[in-house]
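Engineer: with the input below, show me the fold.
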Amino acid sequence: RWLFDQAVCTLYAFCGVLFGLCSLASLTVLSTVCCLKVCYPAYGRCWEVHAGVLLLCVWAYALAFATAPLVEWGSYGPEPYGTACCIAWEASSREATLYILALFIFCYLLPCLLILASYALIVWTVRVSRRAVRQH
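Structural biologist: So this is what the prediction gives:
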């Protein structure tokens, strides 16, 4: 069972969501920048200068979704087994359901699709380049 009070549960869940979202958003940005560097070299160079801005955007994006339950859009609570805390997935209100839906779309589905598309484009570009080299 969870040994601490609700405030510690909320802090624990907030940190888990924040760092998890930050990790996936960082991987998304990294794959997108790699795709630009490999597939569109002229555009890839400009992102080196803006790495700090991209990092700040990643943290702001993760922070926006992690703080939403703190301002009553969704909620944090104990997990079903009661040993840890996370987002209260069993939404009882319309706002909580919308938060979970937004979290799924913008923090899971969209990043995963961007990562898959980026690496698929990199693989395609490498294959096309390899064919061009073989022909010469």
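
Engineer: neighbouring contacts of stretch 50-66?
Structural biologist: 14, 17-19, 21-22, 25-26, 29, 33, 47, 102-103, 106-107 (CB atoms under 8 Å, 6 or more residues apart in numbering). Using the backbone N, CA and C atoms, a C-beta is placed for each residue, glycine as well.

Engineer: hmm, I typed the wrong one, I wanted stretch 90-99.
Structural biologist: 68-69, 72-75, 88, 100.

Engineer: all the helices of the chain, in order from the start?
Structural biologist: 6-39, 41-44, 46-49, 51-67, 94-104, 110-135 (DSSP state H).

Engineer: what's the longest one packed up against?
Structural biologist: What it means is helix 6-39. Helix 6-39 sits against helix 41-44, helix 46-49, helix 51-67, strand 76-78, strand 85-87, helix 110-135, with contacts defined as 3 or more CB pairs under 8 Å, 6 or more residues apart in numbering; DSSP states H and E.

Engineer: just name the most buried of these.
Structural biologist: For the helices and strands packed on helix 6-39, the largest average neighbour count (mean count of other CB atoms under 10 Å) is found in strand 85-87, namely a mean of 21.
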